[in-house]
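>>> Here's a sequence, model it:
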Amino acid sequence: MFCTTCGKKLPEDAEGRPIGNFCPNCGAKIQLFADAAAAGMAAEAAEAAEKARAQAEAAAEAARTKAAEEAAAKAKAEAEAARAKAAAEAEVAKAKAARETEEAEDSGWKDPFKEEPAAEPQYKAADTEPEPVNTVEEIIPPAEPSKAPETIEEPPKKKSKAPIIILVLIAALAIGGFFVYQNLPSTKAAKLIKQADELAMQDKYEEGLELIREAMVLQPDKAEYPEKEIDMTMAFARYCEEGSDDVGALLHYAEATEKAKKLENSESSKRFIQSISDEISSIAGYYRDNGKYETALEILDAKAEILPENIAGITREKITVYEPWIQAMLEEPETTVLKVFKEMYLEKIMEAPEYSALQPLFDQVNDRLEASERLEKLGKLGKTFMASTEKDRQSNACNVFFLEFSSILSDNYDIYKWCKNNGDKLPLIASIPGTTQSIGIYETQGALFCYIGEYSGRKRSGNGAWFTYLGSALNTNRKYYARGTWENDLPNGEFTCWDYVKVADPASETEITIKCNVKDGLFNGKAETVYKGVDTFRPEYVNGTPKILDTLQDENGTTRYVTAYGEDSTYYLSNTKGENYKDGVLGFVTAAE
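Have a look, this model is predicted:
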């Protein structure tokens, strides 16, 4: 046997038991190997069980999921079982050791570790002490070759895998949780919305809308996503509008409106619809303000289809388009377009009472078209007039033209009465068929004048003739004809004016031809005046006022201001107003002048 303290071999008797109670090498008290082994095994088993329990408790605390807790509980149960098993083995070892000790005692071997009460002396004090007996030598048998104690090899302890499993489970749960979070519908939808916003920043609205709709499928109950879709659809519409794609803009506004009407939040729905209405009105207003009235109405018609519940307001918007359009049509010299305009638009809309505000303008259109029918006849008459010679125009054509002209305008009643009643409808301007010129009828100073020539818009510009025929209203027959250059709707340039006045007394008839530069309708500079084709005079004018050469008294005692003398100085040209007199193209100076 060996000392349990220093590990060295102990002296043994013949039966292999240790001799003495203490180790001769270290002095430690000797224990039987069986007891020591049992005690050591029990201690080791207890230590292993304690370690297993501690590991199980740590594993149980680290586990946060149900699976980890079950694993920890299982490990703890195994540890408890191991500890119970170790305790049982220790008890068995102790029992065995006790039995062996008992057997040894029965055979006469005494446990050196067991103390016995001292035996009473067998001799009296007076007796002589017996010789000492070497008891040790008596019980120690002859020395035999020592044998090394048998070493009990314990099986290798198995390390618990519970902590590793728990850590793996925790890591797996964390990784799994991350992947689960990444694959949640809400997480995917949020990513799609973010990507859609980024695409919108690049004007890729169509792709952005696709992503928003995918997000709506993932989270159908997310109230913000339908509104997000409407916002981006409207942004797409505005993008199309900026690119002059009005059709695309209207389609997207219509789509946005349809979706806005389906929103559960009524306030959001109203807000979107009002915004869409304002956007479409803005497009229509742009075209109206730029004179593209037909396009503006098409936009408003589309708005009426998108928002039929707003028809009353849309009608008012249409009126704001029709008003400037009708005004523009009335100012056009060509009435053919006005007639088509009336047939295509006005006749239809005027049937609806909500367009009654346009009635005054509608009446003007009708009057203008009636006048255009007269002008069509006048245009044909003007063509005939242009085909005549200059002499014919001065003599016969004027009165013939104006007789027919009077008949056309007044339907066989007094032309001056017609002029008085219809002066606000003038001028009437019509194209002359087959030419680049037009004919216009004007009222000035209570008389009607006709212009045949070139126009720029509705203004006389270029070469043109200006004439009139004054009938019985003045108890005379006066024919007046002037031809020259026009600018800014006024005579400006070189002019030839022919003026013929026929009265009852042939001797009092006058015929005057004047050639002169004209400025804004008034003679300006040196003129040549031929009286009755015989006498020639050359007065000089400054803005219509002739220079006064002399002052004379006629046979009636009236003061006359001489403005020019004839070639032989026998005749002179004069007036009775002096420097207060102005002369020019008839119709551009007052009757008094």
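
>>> any chance you could map the strands in the stretch 351-500 of the chain?
Here the stretch 351-500 of the chain has its strands, by DSSP state E, counting those that start in this stretch, at 428-431, 438-444, 447-456, 459-470, 477-487, 490-502.

>>> Any idea which of those gets closest to K348?
Minimum separation from K348 across the strands of the stretch 351-500 of the chain (Cβ to Cβ) falls at strand 428-431, 26.4 Å. Every residue, glycine included, has its C-beta placed from N, CA and C.

>>> residue contacts, V337?
M329 (Cβ atoms under 8 Å, 6 or more residues apart in numbering).

>>> What distance do you get for it to L330?
11 Å (Cβ to Cβ, to the nearest Å).

>>> do the same with A196
52 Å.

>>> Looking at those two now, which is surrounded by more residues?
A196 (24 against 14; other Cβ atoms under 10 Å).

>>> pretty sure the more buried one contacts L209?
Yes - assessed by Cβ atoms under 8 Å, A196 is found in contact with L209 at 7.4 Å.

>>> on that earlier part again, same list, the strands of the stretch 351-500 of the chain, but as JSON lines with mean neighbour count, distance to F523 and mean pLDDT please.
Formatted as JSON lines, these follow (neighbours: other Cβ atoms under 10 Å; distance: least, Cβ to Cβ, whole Å; pLDDT from 0 to 100):
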{"stretch": "strand 428-431", "mean neighbour count": "23", "distance to F523": "27", "mean pLDDT": "77"}
{"stretch": "strand 438-444", "mean neighbour count": "21", "distance to F523": "18", "mean pLDDT": "84"}
{"stretch": "strand 447-456", "mean neighbour count": "21", "distance to F523": "18", "mean pLDDT": "87"}
{"stretch": "strand 459-470", "mean neighbour count": "20", "distance to F523": "14", "mean pLDDT": "88"}
{"stretch": "strand 477-487", "mean neighbour count": "21", "distance to F523": "11", "mean pLDDT": "88"}
{"stretch": "strand 490-502", "mean neighbour count": "18", "distance to F523": "8", "mean pLDDT": "91"}
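
>>> Could you dump those into JSON lines and include distance to R560?
Supplementary listing: the strands of the stretch 351-500 of the chain in JSON lines, determined by distance: least, Cβ to Cβ, whole Å:
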{"stretch": "strand 428-431", "distance to R560": "41"}
{"stretch": "strand 438-444", "distance to R560": "28"}
{"stretch": "strand 447-456", "distance to R560": "27"}
{"stretch": "strand 459-470", "distance to R560": "25"}
{"stretch": "strand 477-487", "distance to R560": "23"}
{"stretch": "strand 490-502", "distance to R560": "19"}
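
>>> which one of the ones you listed lies closest to G20?
strand 447-456 (150.3 Å).

>>> Pull out the buried positions in stretch 276-295.
276-277, 279-281, 283-285, 287-288, 292-293, 295 (16 or more other Cβ atoms under 10 Å).

>>> now stretch 522-537
Quick answer for stretch 522-537 (16+ other Cβ under 10 Å): L522, F523, N524, A527, T529, Y531, F537.

>>> nearest to C240, of the residues you listed?
Looking across the buried residues of stretch 522-537 and measuring by Cβ to Cβ, the closest to C240 is L522, at 58.3 Å.

>>> Pick out the most distant pair among the buried residues of stretch 276-295.
I276 and Y293 (22.7 Å).

>>> three-state assignment of H252?
At H252 the chain is in helix, as set by DSSP: H, G, I helix; E, B strand; the rest coil.

>>> OK, contacts around it?
Contacts of H252 (Cβ under 8 Å, 6+ apart): T233, M234, F236, A237, C240.

>>> shaky segments in the stretch 201-350 of the chain?
Residues of the stretch 201-350 of the chain that meet the criterion pLDDT under 70 lie in 333.

>>> Mind jotting down where the helices sit in it?
Taking DSSP state H, counting those that start in this stretch as the test, the helices found in the stretch 201-350 of the chain are 205-218, 224-242, 246-260, 266-289, 293-306, 311-331, 336-341, 347-349.

>>> Of these, give the one that comes closest to E579.
helix 311-331 (40.1 Å).

>>> what's the closest one packed up against?
On a contact count with 3 or more Cβ pairs under 8 Å, 6 or more residues apart in numbering; DSSP states H and E, helix 311-331 meets helix 266-289, helix 293-306, helix 336-341, helix 359-387.

>>> and the shortest one, which residues are buried?
Residues of helix 336-341 classed as buried under the neighbour-count rule (16+ other Cβ under 10 Å) are L338, K339, F341.

>>> can you pull the contacts of F495?
Neighbours of F495 in contact, by Cβ under 8 Å, 6+ apart: A482, R483, G484, T485, I514, K515, C516, N517, V518, V585.

>>> beta partners of the first one?
In this case it means A482. Beta bridges link A482 to W466, C497 when assigned by DSSP bridges.

>>> coming back round to it: redo the buried residues of helix 336-341 as TSV? Include distance to G544.
Below are those laid out as TSV (distance: Cβ to Cβ, whole Å):
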residue	distance to G544
L338	38
K339	42
F341	42
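
>>> out of those, which one sits closest to A249?
Nearest to A249 among those, with distances taken as Cβ to Cβ, is F341, at 26.8 Å.

>>> In contact with that closest one, which residues are there?
W325, M329, V365.

>>> Just the pLDDT for the last one.
Just to be clear, that refers to V365. You'll see V365 listed with a pLDDT of 85.

>>> Check the spacing between the nearest residue to it once chain neighbours are set aside and T335 real quick.
Distance criterion Cβ to Cβ, 6 or more residues apart in numbering; nearest residue to V365, sequence neighbours excluded, is K342 at 5.6 Å. Distance, K342 to T335, using Cβ to Cβ: 10 Å.

>>> Equivalent analysis for N21, please.
In terms of Cβ to Cβ, N21 sits 149 Å off from T335.

>>> neighbour count winner among the two?
More crowded of N21 and T335, by other Cβ under 10 Å: T335, with 24 against 13.

>>> can I assume that one is in contact with S438?
No - counting by Cβ under 8 Å, T335 does not reach S438; the two are 11.1 Å apart.

>>> Quick check: neighbours shared by these two?
Shared contacts of T335 and S438, counting by Cβ under 8 Å, 6+ apart, come down to A430.

>>> Run through the residues that contact E279.
Per Cβ under 8 Å, 6+ apart, neighbours of E279: M234, A237, R238, E241, Y253.

>>> Apply 7 Å and report the result again.
Shown here is E279, whose contacts under the criterion Cβ atoms under 7 Å, 6 or more residues apart in numbering are Y253.

>>> again, but for K270
K270 neighbours (Cβ under 7 Å, 6+ apart): none.

>>> Kindly report the same for E298.
No contacts exist for E298 under Cβ under 7 Å, 6+ apart.

>>> do you know how far it is from R288?
11 Å.

>>> okay, Q394: pLDDT?
Residue-level pLDDT assigned to Q394 equals 62.

>>> returning to what we had before: highest neighbour count among the contacts of F341?
Busiest of these [other Cβ under 10 Å] is M329, holding 23 neighbours.
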